[in-house]
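Q: need a 3D model of the following:
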Amino acid sequence: MSLAAAIANRLRCWSFQIYACYRGTGARLTFIAEDWSEVRLKLPLSWRTRNYVGTIFGGSLYASVDPIYMIMLIHRLGPDFVVWDKAASIRFHKPGRETLHAHFLVPDEDLAAIRAALESSRSVDRSYTIELADASGTVCATVEKIIYIRRR
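A: Residues are numbered from 1 along each chain as shown. Purely as a prediction, here's the structure:
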């Protein structure tokens, strides 16, 4: 990554943190692709994210991943589309006892499938699954997001 690209990425990640509602989750975006096709985040176990029993609070787990796919699709599809979160579910597998990481992808194939589906339908729902895992790859929580998309 060139210095200019690294600086641009840093600014994108930093600008996301100025939103108080996201900053409150305790998570930090560590990478945002220039075209928003990929986002990575980390959610540390800290005084801000620790629950009563000393693990990462479930609300922080969910809130850290909540807006990401919607925002990615808004950026990737552009202003001719309406994009909204429609539904979500979270499944806890293990307590988060250390920093957790999540990886989000919206490849070009997804965009093509969305546009193709909207040729014959007023709206489309897309399902995305996010895993929050520790450094060893152990999944602590899985979040499923349903995103509603239609043309303006």
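
Q: burial measure for L45, as a count.
A: 21 (other Cβ atoms under 10 Å). From N, CA and C alone the C-beta is placed, and that goes for glycine too.

Q: any idea which element it lies in?
A: Per DSSP states H and E, L45 falls between elements, in no helix or strand.

Q: who's the spatially closest residue to it that is not a sequence neighbour bridged to?
A: Counting by Cβ to Cβ, 6 or more residues apart in numbering, L45 lies nearest to I56, which is 5.4 Å off, once chain neighbours are set aside. Per DSSP bridges, the residues bridged to I56 are R50.

Q: count of neighbours near I56?
A: Neighbour tally, I56, other Cβ under 10 Å: 25.

Q: surely it touches R48?
A: No - using Cβ atoms under 8 Å, I56 makes no contact with R48, being 10.1 Å away.

Q: show me where the chain has its helices.
A: 3-17, 20-23, 58-65, 68-77, 108-120 (DSSP state H).

Q: would you turn these into TSV with distance to R40?
A: Formatted as TSV, these follow (distance: least, Cβ to Cβ, whole Å):
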stretch	distance to R40
helix 3-17	9
helix 20-23	15
helix 58-65	11
helix 68-77	10
helix 108-120	17
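
Q: out of these, which comes closest to D134?
A: The closest of the helices of the chain to D134 is helix 58-65. By Cβ to Cβ, the value is 12.1 Å.

Q: what does the pLDDT read for the residue of the chain most remote from its centre?
A: Largest separation from the mean C-alpha position in the chain: S120, at 28.2 Å (Cα atoms, centre = their mean). S120 carries a pLDDT value of 95.

Q: wait, isn't R76 in contact with P107?
A: No - R76 is not in contact with P107 according to Cβ under 8 Å; the separation is 9.6 Å.

Q: which of these two has more residues huddled nearby?
A: R76 (19 against 11).

Q: can you pull the pLDDT of the more buried one?
A: For R76, pLDDT reads 96.

Q: how about low-confidence regions in this protein?
A: Within the chain, the stretches with pLDDT under 70 are 1.

Q: now with 50?
A: The chain contains no residues with pLDDT under 50.

Q: what separates the residue nearest the centre of it from G54, distance-wise?
A: A centroid search over the chain (Cα atoms, centre = their mean) returns I68, at 3.0 Å, as the residue closest to the centre. With distances taken as Cβ to Cβ, to the nearest Å, I68 is found 26 Å from G54.
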